[in-house]
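*Asks:* here are the coordinates; sequence isn't available:
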């Protein structure tokens, strides 16, 4: 399983043709206490960079953009009742949606661990 990052502080864990998308620990720390998550509709087709979800915190609302093109195949509905999971477990249990990747070459345009670490220094 490969994990890549966007400059907008989202991650995608690639497992075959599916990507698991969420926000990084850095992002949740910057947002503060998250109070609401608007999830994408299952079946929604996204182009890379499209707004996919919204995360609201006590500080601000932040759009979550699709790191790659594809179709939303699953959402983490637990976040609607427990949005704070993004604060406590952003990069595991706090994933936001899963996407069936339409163009695997887009993954290579994202940041690797070292690139993302440089971005957040």
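*Replies:* Received, thanks. The structure presented is a predicted model; accordingly, all values stated were derived computationally and were not measured.
*Asks:* For this structure, which segments count as helices?
*Replies:* Under the criterion DSSP state H, the chain contains helices at 25-31, 78-81, 85-88, 113-119.
*Asks:* So for residue 8, which of those helices sits nearest?
*Replies:* Taking Cβ to Cβ, helix 25-31 is the member of those nearest to residue 8, at 8.2 Å. Bear in mind the C-beta positions are built from the backbone N, C-alpha and C, glycine included.
*Asks:* quick one: which of the helices of the chain is nearest residue 96?
*Replies:* If we rank these by Cβ to Cβ, the stretch that ends up nearest is helix 78-81, at 6.7 Å.
*Asks:* related to what we said a few turns ago, I'd like the helices of the chain laid out as TSV, including distance to residue 52 and mean pLDDT.
*Replies:* Below are the helices of the chain laid out as TSV (distance: least, Cβ to Cβ, whole Å; pLDDT from 0 to 100):
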stretch	distance to residue 52	mean pLDDT
helix 25-31	14	95
helix 78-81	13	96
helix 85-88	14	96
helix 113-119	19	96
